[in-house]
Structures are given as structure tokens and as C-alpha cells.
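1. Provided below for reference: sequence and predicted model.
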Amino acid sequence: MERPKRKKRKKLLPLLAVLIPALYILLQVLLVAQRGYTTQVAMTDTLDDALLCSGVIGVNEQEIRSEAAGVLDFIAANGERISSGDGVAYVYADEAAARSGRLAARLSDELEVLEQSQRSAGAAADMESLMGAREDETADILAAAASGDLSGAQDVYGDLQATLNQIAAHTDGTADFSQRISELTAQRDAAAAAASAQSLAAPAAGYFVCGQDAQQKQYTLEQLSQMTPAQLAEAAESPAQGCDAQTVGKLWLDYKWYFYASVSAADASRFEQGDTLHISFPDLSDESVPIEVVSVEVDEGAGLAKVELMSEYINADIVTLEQARARISFATYTGLRVDREALHVFEGQNMVYVKSGNMAYLRPVTVIFANDSYALLSDDYEKDVNEVKRYDTVIVRGDDLYDKKILS
């Protein structure tokens, strides 16, 4: 008669193991819902005073065009500075030839590393420096993998391999790379012979951008400079267009580029000629670069303004753009972040409620910066002026709050 009871107990135990934690969580949720207030901990954070706007990039550029048919392989990277006559791409006869060309390029890179290692094998070495270089290069590769930006990882890998070869050579004193160099040279030459390709060269010096990644230029610098604020607003919202099939790439011929931004007339006052701001393009990346205010033209009747900005900083993302949504940062602030809703104003003084124990205390604060969602408070304590400290529990919202209220 005992066996059925034991079976029932065995079935109940797993059920209880699930129900008890679930009931505990439900109880905590009910308690929070019934207490009539919500809180947050004041923590140090950084916020930008920034403006999102639309605009058009203006730059002197030249297209690189080709009618050649085949498989296109680029050897120049977006944003790379190249000279007139430098190769930017190969056009292979077919995919098999392209594979041979890529193999030849990879083997050439390996040979360069081995030849460097062979030259240094007999030279005196500082093992401490080599070990330090190994750690730095390994860290760089791991950082690139973590960020997802592998654009320079191949170069770092080559440096790491050369360092490891030098360590091996100076550890046992017998390392000889000549046989491996001979083998790879034969493989590289065979792959190069099978890679039938036409080389495409840059017709001028400039910053390269692959045609497959770039937007087709619709407006010249002259056209952009002559547009009214309303015309610029329309141009900024026009659909971006890709380059045609014959456009292999483009060259930015100047290190200066311009961004013509369309903003509201009210926001125009935030731009002062000569100021240096920061601009990023959030649809591509969070990387920002400095940019200078050149001019501001306001059309009060249209309620719009045209802002001309200029930068000398170029990266792999910027060169791909023409029409773009930009984030312009005017300043960066650091302080204690709280929800904007937590702020109260009494007799002209900004205040927040701080929970201590089971009491709510009204405390004065100094607001460094605020946007629609958050406020940054000074973290310098000053009695009767700024009395909120880091890790204080701030009441974001609550029912019938007042100083020294007992909280349920």
C-alpha cells in the first residue's frame, strides 16, 4: 500500500520545484505593483546633446568605369588613399581564374612573412620585445573579432605570424624557412599563371570607394551650394540610387567633404559659424568625426534652414554615402542619469525624491543636461544645492509624494 504514495510524492516534487519559485516571483511583482511608486539607482552615464537630421554629402569625385566582362575582385579598400595609376581591382575571365588569383595573392602574403622571418632569423633579438609584440598582436586580433571589424585583421595576422616565427628561430636556433619559401613560391607562380586577369587602375589620386557600395552622385557641390533650404530638404529625402554596372568605383578627389543638412528654423540657432561639432551616420555606424560649421541659411517663411558643414576626416563608411541621415553632436555631458520624469520643480529649484529606508526625501539637484527621456545631474555634492549621490535610489514616479513621506 505504500508504493502508490511514494510514486505520488515523486511526481509532486518536480511540480513543487517549479511552482515555488514561480509563486515567489509573482508575489514580488504584486508587491511592486501595489506599492504605488517606482525607483531607479542614480548611476554615472554620458549623454550627447545631439540632433538627428537629413542631408546630402557634397564632394569632388571621379568615377572609375569599365566595360570589361568577368569576375571583379577589388584590391583597394573603401576609404583607402591611392595614387594615380595604382591598381584598384582585377577583372578575371571566370570564377576559376578568380580563385587562382586570390590564391596567388594569399600565398604572396605568406611568402612576405616567411621572407621577413628568414632575414631576421640570424639577427640578434630582444626576446622580451618579441613576447610583448606577440601579446599585443594577439590582443588586436581578438579585439577585431569581437568588434566584427576585420578590415585590418589580415595585416595584424601577418605581423603575428612573423613574430611567432622569430620567437621560434631564436628559441631553438635552428629554424630555417628556405624550404617552405621555395614550396610556396612554386605554388604562387602556378596560381598566378592560371589567373588570367585585366588590371583596373585609378585615373587620378584620391580616396577609393567600391562602386557596389557607393551611392550614385545626383548633385554636384555647385548645385548643393545654390539650393534653398526647401530645395535641400527635398533633395535630402530623395531616394538614394546605386551606381550602374559599369561603375567599378569612385575616387574622392579632395580630402575635404561637405555635408549640407536640412534642419528646422528653430534648430538653426544651435549652429554657429566656425564651431567644430561631431557627425556620425547612425544607419551605418556609431563612429563620429569632427566637422566644422561653414554657414547657416534660414528661410523663416518655410520654417527651414540649410546648414553647410565641412570635414577633413574620411573613413570607409562616409565615402559610400550621398543622401544620408546624420547625427550631429554639439556637446557631451557626464553625470548621474535619472529619468526625466523623476525631476520636479519647486520654487524654481530642480528636485528629486530619494528613497532611504521606507521614507521619501525631497532633495535639490543641479541638472547638467536633459533631453526628452533623461536628465544628467551633477555628481558633486553640495548641501542645499545638489544633494543626490551616486547609487542613491531615486523615485521616478509615485502617488501623492511629499518630503518625508512614509512609503508602503
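-> Arrived safely, thanks for sending. These figures come from a predicted structure and were not determined experimentally.

2. ranges for the strands of the stretch 251-400 of the chain?
-> 257-264, 276-280, 288-299, 304-311, 323-339, 344-346, 349-356, 359-364, 367-370, 374-377, 393-398 (DSSP state E, counting those that start in this stretch).

3. Among the ones you listed, which comes closest to P239?
-> strand 323-339 (7.9 Å; Cβ to Cβ). C-betas here are computed from N, CA, C, even on glycine.

4. Any buried residues in that closest one, and which?
-> Buried residues in strand 323-339, defined by neighbour count with 16 or more other Cβ atoms under 10 Å: 323-324, 326-328, 335-338.

5. That strand pairs with which strands, parallel or anti?
-> strand 43-58 (antiparallel), strand 276-280 (antiparallel), strand 374-377 (antiparallel) (DSSP bridges).

6. Make JSON lines from the ones you listed and add mean neighbour count and distance to S356 to it.
-> Listed next are these as JSON lines, based on neighbours: other Cβ atoms under 10 Å; distance: least, Cβ to Cβ, whole Å:
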{"stretch": "strand 43-58", "mean neighbour count": "18", "distance to S356": "17"}
{"stretch": "strand 276-280", "mean neighbour count": "18", "distance to S356": "39"}
{"stretch": "strand 374-377", "mean neighbour count": "22", "distance to S356": "17"}
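
7. Around V59, how many other residues sit close by?
-> 25 (other Cβ atoms under 10 Å).

8. Start at 272, not 1
-> Let's use 272 as the start, then, which means that last one is V330.

9. what does the model give it for pLDDT?
-> With respect to pLDDT, V330 has a value of 94.

10. just V519 next, same as before
-> 88.

11. tell me the angle whichever strand or helix holds it makes with strand 314-329.
-> Assigned by DSSP states H and E, V519 falls within strand 518-523. For strand 518-523 against strand 314-329, the angle by axes from the mean of the first three to the mean of the last three Cα atoms, to 10 degrees is 110 degrees.

12. Need the CA coordinates for strand 518-523. PDB is fine.
-> C-alpha atoms of strand 518-523 as PDB (Å, rounded to 0.1, in the frame of the first residue of the first chain):
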ATOM      1  CA  THR A 518      30.900  52.000 -62.400                       C
ATOM      2  CA  VAL A 519      33.700  49.900 -60.800                       C
ATOM      3  CA  GLY A 520      34.400  52.500 -58.200                       C
ATOM      4  CA  LYS A 521      34.700  56.200 -57.400                       C
ATOM      5  CA  LEU A 522      37.500  58.500 -56.200                       C
ATOM      6  CA  TRP A 523      37.000  61.300 -53.800                       C
END
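
13. one step back: who wins for proximity to N349 among the strands paired with strand 594-610?
-> strand 314-329 (14.2 Å).

14. Quick check: next helix or strand after the closest one?
-> Using DSSP H and E, the first helix or strand after strand 314-329 is strand 332-336.

15. Partner strands of the helix or strand following that following strand and their direction?
-> As assigned by DSSP H and E, the chain's next helix or strand after strand 332-336 is strand 342-345. According to DSSP bridges, strand 342-345 forms sheet pairs with strand 358-363 (antiparallel).

16. Identify each buried residue in the partner strand, please.
-> 359-363.

17. Give me the angle between the next helix-or-strand element following that strand and strand 358-363.
-> Next along the chain after strand 358-363, taking DSSP H and E as the criterion, comes helix 366-392. Interaxial angle, helix 366-392 versus strand 358-363 (the same axes, to 10 degrees): 130 degrees.

18. picking up where we left off before, could I get the strands of the stretch 522-671 of the chain as a markdown table with distance to A375?
-> Output for those, formatted as a markdown table (distance: least, Cβ to Cβ, whole Å):
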| stretch | distance to A375 |
| --- | --- |
| strand 528-535 | 36 |
| strand 547-551 | 39 |
| strand 559-570 | 36 |
| strand 575-582 | 38 |
| strand 594-610 | 38 |
| strand 615-617 | 70 |
| strand 620-627 | 67 |
| strand 630-635 | 70 |
| strand 638-641 | 56 |
| strand 645-648 | 55 |
| strand 664-669 | 63 |
